[in-house]
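My questions concern the predicted model and sequence given below.
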Amino acid sequence: MNHLVLVNPQQQEVQKLVDKSNLKQQLVNDVISIRGHNYHTQTIEKTVKQSHPSLKPSAGAVFSVEVNYQERLVVLQEVKRAYSRIFNADEVIKAIRSAVLEEHELQIYAVVFLKAGSIPKDSTGKIDYHACRNAFLNASLDGIHTWTVNPQQDLQQLQKDVDALLEQMQLFVQSA
């Protein structure tokens with residue numbers, strides 16, 4: 001059986017042609033593009049859930065949203081019921097951000113912690129990434145805690161990026 005896979009990154013669609021007669025389409029939720037690099041969401045989700053014991057395994061989603069013309073990383077994650085009364089959001093956010101930065105060199109734009117069993121799912125019980133993204137954008141998630149990067153932090157990061165570029169340009173000019 002021959003398989004031909006066509007990828008359309010603009011619409012995040014995959015078309016699989018099986019035996020040149022059966023065309024199937026499915027939404028691709030497992031790859032996001034940030035700063036020109038592709039990342040597998042499952043890998044980032046694994047990093048997130050392993051970053052702190054209070055996070056419920058297989059109950060999280062990562063996706064990107066456009067903010068000021070840049071794709072930014074968002075994390076939705078359920079918290080284990082056993083931790084609901086002793087949950088320290090700031091500690092867990094710090095653990096998640098550190099782990100994702102170390103493993104994937106990505107900055108997180110937002111983290112939303114959800115009650116156990118409340119992440120949007122489709123009729124088959126799988127996490128519905130489209131519904132997760134829409135609920136985040138519409139601010140309709142019933143979150144325990146929501147954290148979003150501070151614009152001041154964005155300005156500081158931008159200044160660091162500009163300084164690094166200027167340094168690279170100076171090195172280039174000196175070597176020419």
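That came through, no problem. Numbering: from 1, shown residues only.

counting contacts, what elements does the one helix or strand residue 136 maps to pack onto?
Element membership for residue 136 (DSSP states H and E) is helix 129-137. Helices and strands touching helix 129-137, by 3 or more Cβ pairs under 8 Å, 6 or more residues apart in numbering; DSSP states H and E, are strand 55-67, strand 70-79. For the C-beta atoms, the positions are set from N, CA and C on the backbone; glycine is no exception.

Among the ones you listed, show me which one is buried the most.
strand 70-79 (a mean of 22; mean count of other Cβ atoms under 10 Å).

That strand pairs with which strands?
strand 55-67 (antiparallel), strand 108-114 (parallel) (DSSP bridges).

okay, those strands in JSON lines with mean pLDDT and distance to residue 150 next?
Listed next are those as JSON lines, based on pLDDT from 0 to 100; distance: least, Cβ to Cβ, whole Å:
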{"stretch": "strand 55-67", "mean pLDDT": "95", "distance to residue 150": "13"}
{"stretch": "strand 108-114", "mean pLDDT": "97", "distance to residue 150": "11"}
